[in-house]
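Student: Structure here, sequence nowhere to be found:
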């Protein structure tokens, strides 16, 4: 889960919990006050009825019942029962809705003088009235229709308020979390564009005050140090390779000169032949190192132009066969392209030719029959070139490392090579935003695949 969504979720859960507690508290307090208020009304109603019954001499019970039945309180389903000291019912406000009672309940009311309890949905009070000639026990019961209706409306209002509040919190949480993390998203986008070829690019440092700005500043500092280290490394390899070329060329010339005076001495001739071979190897390694260094230095100056992949394959074939006439290379199509542009790529012809030359040279060199095959295919976006051989193959353990400079497979140590060619191929393909991969099996052969986007 993204940080933005996690923050929004946590914020929503926190606010939802607060709103829920707030709603429960409001509802509980409202219900408590409703109940207390209703008990007070019942108590007042009970005392009024007793006062009329006791103090108004000669009042007719039927008249008192009629007064009770025609007051507003009848809407609340009120019932009032009055008992004398012998637990005899001396007055009932209704005839058909008698309140059930027990003798123990009346005795408990006399002992406590006042009680509040529930009977079903109705609230009930028990009251000991002592203002007359004898103490009376009053039971008053009613259902608070109006109060429960208000609580129902309050419950509905709180529920909708809670749902609306959660919905608004989700929207605002996502908005504010996204707004707060937008600088990080911007930094993430900028970091994703930084590669080993553009370490000089700097991140936006914003206001240079908050934590995100400090992160960008620190990251820019790290980039500067990395870029400086890379530049020093490239400069060292470039200058070292360049400086080595001159003495190596002079050494080669002197060895060739010395070979003229060894024609009558087989031992010296063998020594000079070995020196010449080793010098050639040093010159080749130096040239490859110089190429690797300059390929990074001149990445912005590469001349790109549309070129047919078939032309590159044939040029690489001709160049290879010129130096190795005993090699055999065949070129074909896996599928004939319907559109000629499917095999046209935009790139540097010399560099791409070097990729196929190196791959073909390796394929023929490591095959006992010195044969290699180029297969060209394409799809909607890319042009694919496969270089196949039936050579010694590459072990599964070595495949992840074969593109590392100076790495050589364990089964190829006896064959000539420096372990730089494949590294150069990968570097050139990456400069053209392509992909190079390999599949191989020991003793069966290898297949290198180069995938480049066509125009």
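Tutor: Here it is on my side, so go on. This one's a predicted model, so the numbers in the text were calculated from it and none came from an experiment.

Student: tell me what the helix or strand that contains residue 15 is packed against?
Tutor: According to DSSP states H and E, residue 15 maps onto helix 3-55. Packing partners of helix 3-55 (3 or more CB pairs under 8 Å, 6 or more residues apart in numbering; DSSP states H and E): helix 61-69, strand 79-83, strand 89-92, strand 122-129, strand 136-142, helix 145-192. Heads up, the C-betas are built off the backbone N, CA and C, glycines and all.

Student: Mind doing that once more with 6 Å?
Tutor: strand 122-129, strand 136-142, helix 145-192 (3 or more CB pairs under 6 Å, 6 or more residues apart in numbering; DSSP states H and E).

Student: lowest average confidence, helix or strand, in the chain?
Tutor: helix 61-69 (a mean of 57; mean pLDDT, DSSP states H and E).

Student: pLDDT at residue 208, what is it?
Tutor: Per-residue pLDDT puts residue 208 at 74.

Student: neighbours around it, how many?
Tutor: 9 (other CB atoms under 10 Å).

Student: residue contacts, it?
Tutor: The contact partners of residue 208, by CB atoms under 6 Å, 6 or more residues apart in numbering, come to none.

Student: quick one on the thing from earlier: closest to residue 254 out of the helices and strands packed on helix 3-55?
Tutor: Within these, the stretch nearest residue 254 is helix 145-192; the backing value is 52.6 Å (CB to CB).

Student: picking that back up, deepest of the helices and strands packed on helix 3-55, which one?
Tutor: Highest mean neighbour count of these: strand 136-142, a mean of 24 (counted as mean count of other CB atoms under 10 Å).

Student: Just the angle for it relative to helix 3-55, thanks.
Tutor: Interaxial angle of strand 136-142 relative to helix 3-55 (axes from the mean of the first three to the mean of the last three CA atoms, to 10 degrees): 140 degrees.

Student: same for strand 136-142, what does it pack against?
Tutor: Using 3+ CB pairs under 6 Å, 6+ apart: strand 136-142 touches helix 3-55, strand 79-83, strand 122-129.

Student: what does it contact?
Tutor: For strand 136-142, contacts defined as CB under 6 Å, 6+ apart pick out 42, 45-46, 50, 76-83, 99, 106, 109, 122, 124-127, 129.

Student: Share the number of residues neighbouring residue 393, please.
Tutor: Using other CB under 10 Å, the number of residues around residue 393 comes to 20.

Student: so who does it touch?
Tutor: Counting by CB under 6 Å, 6+ apart, residue 393 touches 440-446.

Student: Please repeat the previous calculation with a cut-off of 10 Å.
Tutor: Applying CB atoms under 10 Å, 6 or more residues apart in numbering, one finds that residue 393 lies in contact with 366, 409, 411-412, 439-446.

Student: a markdown table please, covering the helices and strands packed on strand 136-142 and showing distance to residue 265.
Tutor: Putting the helices and strands packed on strand 136-142 into a markdown table (distance: least, CB to CB, whole Å) gives the following:
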| stretch | distance to residue 265 |
| --- | --- |
| helix 3-55 | 78 |
| strand 79-83 | 139 |
| strand 122-129 | 129 |
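
Student: For these, could you give me JSON lines that also reports distance to residue 253 and mean pLDDT?
Tutor: Putting those into JSON lines (distance: least, CB to CB, whole Å; pLDDT from 0 to 100) gives the following:
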{"stretch": "helix 3-55", "distance to residue 253": "65", "mean pLDDT": "87"}
{"stretch": "strand 79-83", "distance to residue 253": "128", "mean pLDDT": "85"}
{"stretch": "strand 122-129", "distance to residue 253": "118", "mean pLDDT": "88"}
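
Student: Highest mean neighbour count out of those?
Tutor: Most buried of these, by mean neighbour count (mean count of other CB under 10 Å): strand 79-83, with a mean of 22.

Student: Which elements pack onto it?
Tutor: Of the remaining helices and strands, those touching strand 79-83 by 3 or more CB pairs under 10 Å, 6 or more residues apart in numbering; DSSP states H and E are helix 3-55, helix 61-69, strand 89-92, helix 103-112, strand 122-129, strand 136-142.

Student: With distance to residue 316 as extra columns, can I get these in a markdown table?
Tutor: Listed next are the helices and strands packed on strand 79-83 as a markdown table, based on distance: least, CB to CB, whole Å:
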| stretch | distance to residue 316 |
| --- | --- |
| helix 3-55 | 50 |
| helix 61-69 | 113 |
| strand 89-92 | 116 |
| helix 103-112 | 110 |
| strand 122-129 | 100 |
| strand 136-142 | 103 |
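
Student: what's the closest of these to residue 387?
Tutor: Minimum separation from residue 387 across the helices and strands packed on strand 79-83 (CB to CB) falls at helix 3-55, 45.5 Å.

Student: now that closest one against strand 122-129, angle please.
Tutor: Per the same axes, to 10 degrees, the angle that helix 3-55 makes with strand 122-129 is 40 degrees.

Student: How far off centre is the helix holding residue 15?
Tutor: Offset of helix 3-55 from its chain centre (CA atoms, centre = their mean, to the nearest Å): 44 Å.

Student: Next, the angle from that helix to strand 79-83.
Tutor: With the same axes, to 10 degrees applied, the angle from helix 3-55 to strand 79-83 works out at 50 degrees.

Student: what ranges of this protein fall below the confidence cut-off?
Tutor: Applying pLDDT under 70 to the chain flags residues 55-77, 94-101, 196-199, 234, 237-238, 240-242, 288-289, 291-302, 410-418.

Student: quick one, domains of it?
Tutor: According to automatic domain parsing, the chain comprises the domains 3-151, 211-297, 302-453.

Student: could you dump those domains to TSV with distance to residue 188?
Tutor: Below are these laid out as TSV (distance: least, CB to CB, whole Å):
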stretch	distance to residue 188
domain 3-151	11
domain 211-297	11
domain 302-453	21
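
Student: and among the ones you listed, the most buried is which?
Tutor: Of all those, domain 302-453 has the most neighbours on average by mean count of other CB under 10 Å, namely a mean of 17.

Student: From residue 388, how far out is residue 359?
Tutor: Distance, residue 359 to residue 388, by CB to CB, to the nearest Å: 10 Å.

Student: what is in contact with these two at once?
Tutor: Common contacts of residue 359 and residue 388 (CB under 10 Å, 6+ apart): 372, 374, 446, 448-449.

Student: Just the ones of these in strands?
Tutor: Using DSSP state E, 372, 374, 446, 448-449 are the members of the shared contacts of residue 359 and residue 388 that sit in strands.

Student: Closest one to residue 35 out of those residues, please.
Tutor: Among these, residue 449 lies closest to residue 35 (CB to CB), at 81.8 Å.

Student: for the closest one, which residues make a bridge with it?
Tutor: Note on residue 449: beta-bridge partners residue 386, residue 437, judged by DSSP bridges.

Student: My guess is it contacts residue 439. True?
Tutor: Yes. Using CB atoms under 10 Å, residue 449 is in contact with residue 439, at 7.7 Å.

Student: Name the residues contacting each of those two.
Tutor: Among the neighbours of residue 449, those also in contact with residue 439 (CB under 10 Å, 6+ apart) are 386, 388.

Student: What segments of the stretch 151-300 of the chain are helices?
Tutor: For the stretch 151-300 of the chain, the helices defined by DSSP state H, counting those that start in this stretch cover 211-259, 266-297.
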